[in-house]
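Asks: Can you look at this prediction? I've put the sequence above it.
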Amino acid sequence: MKIQLSKFAAALCLVLTLTLASAGQTAAAPAATPAPTTLSAEEREAALKSLQATRDAFLKSIAGLSEQQWRFKPAPDRWSVAEVSEHIAVSESTLLGLVQTKFMMSPADPAKRAEVAGKDALILERIPDRSHKAQAPEFLKPTNRWATEAELIKAFDESRKATMDYIRTTNDELRDHFGQHPTLGTLDAYQWILLISAHSERHTKQIEEVKADPNFPKQ
């Protein structure tokens with residue numbers, strides 16, 4: 001009887017040991033990956049406010065120009081208002097297309113969120129800064145895609161409306177999908193939308209530089 005009790009006690013100890021070990025392994029399991037999230041109300045509002053403000057500023061900068069003013073080039077190697085405006089318009093649809101058909105089609109990677117933290121403000125501050133010049137890629141350079149200013153404005157407005165409608169209504173996980181920027185490094189898809197706004201602000205400033213040229217036509 002003593003031998004049977006000893007065996008029973010030993011077996012019970014083994015079961016308890018295995019149970020406790022299993023519990024310890026469960027407690028030590030790595031933390032779960034952050035859950036996918038759609039944009040917050042604050043993020044939507046911030047993007048929409050910036051997109052609206054930069055849209056209005058751009059259209060105001062080109063309002064009421066004569067054809068001579070529209071086409072004036074400060075120098076052979078510098079863009080006219082028409083060319084800068086074309087660059088803004090074509091970049092608008094191109095960047096939104098990148099977000100929707102490339103970045104959002106790539107696998108979600110929430111682990112990269114920490115890598116892009118703080119870049120929202122950086123984009124809105126650094127991209128419009130005209131003290132740092134950059135060459136536009138060939139596919140975004142002006143090639144007289146629109147015959148008239150009115151046609152260009154229509155194309156720009158349609159693209160900007162599409163961008164704003166997307167931000168206003170999307171449930172896409174923009175903070176979990178990423179793309180590489182040549183100077184800012186990794187950006188999430190939401191930050192690429194902010195880049196659209198900041199980019200148009202940058203080149204609206206360029207339009208004002210052209211208009212400030214001493215040889216800019218008076219009318």
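Replies: That came in fine, so what should we check first? Numbers count the residues shown, from 1 in each chain.
Asks: Need the per-residue pLDDT for the most centrally placed residue in the chain.
Replies: For the chain, W192 is the residue whose C-alpha lies nearest the centre (C-alpha atoms, centre = their mean; 1.1 Å). In this model, W192 is scored at 98, pLDDT.
Asks: got the contact list for it?
Replies: If you count contacts by C-beta atoms under 8 Å, 6 or more residues apart in numbering, W192 has them with L95, L98, V99, F103, G179, H181. For every residue, glycine as well, the C-beta is placed using N, CA and C.
Asks: Output these in CSV; the columns should cover pLDDT, neighbour count and secondary structure.
Replies: Output for these, formatted as CSV (pLDDT from 0 to 100; neighbours: other C-beta atoms under 10 Å; DSSP: H, G, I helix; E, B strand; the rest coil):
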residue, pLDDT, neighbour count, secondary structure
L95, 96, 21, helix
L98, 95, 16, helix
V99, 96, 25, helix
F103, 96, 18, helix
G179, 96, 18, strand
H181, 94, 14, strand
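Asks: how about CSV for those residues, with distance to W79 added?
Replies: Shown next, in CSV, are these (distance: C-beta to C-beta, whole Å):
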residue, distance to W79
L95, 19
L98, 23
V99, 26
F103, 28
G179, 26
H181, 22
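Asks: does the residue nearest to the centre of the chain sit in a helix or strand, and which one?
Replies: Per DSSP states H and E: W192 is located in helix 189-211.
Asks: Over to S85?
Replies: helix 81-98.
Asks: in terms of contact, does F139 touch L95 like I think?
Replies: No. Judged on C-beta atoms under 8 Å, F139 makes no contact with L95 at a distance of 11.8 Å.
Asks: shaky segments in this protein?
Replies: 1-37 (pLDDT under 70).
Asks: And the strands in it?
Replies: Remark: strands assigned in the chain by DSSP state E are 178-181, 185-188.
Asks: taking the ones you listed together, which one is wrapped up most tightly?
Replies: Sort those by mean neighbour count, taking mean count of other C-beta atoms under 10 Å, and strand 185-188 sits at the top with a mean of 18.
Asks: what packs against it?
Replies: Here strand 185-188 touches helix 113-116, strand 178-181, going by 3 or more C-beta pairs under 8 Å, 6 or more residues apart in numbering; DSSP states H and E.
Asks: Out of these, which gets nearest to S131?
Replies: Taking C-beta to C-beta as the criterion, strand 178-181 is the member of the helices and strands packed on strand 185-188 that comes nearest to S131, at 18.5 Å.
Asks: looking just at contacts, which helices and strands does that closest one meet?
Replies: Packing partners of strand 178-181 (3+ C-beta pairs under 8 Å, 6+ apart): strand 185-188, helix 189-211.
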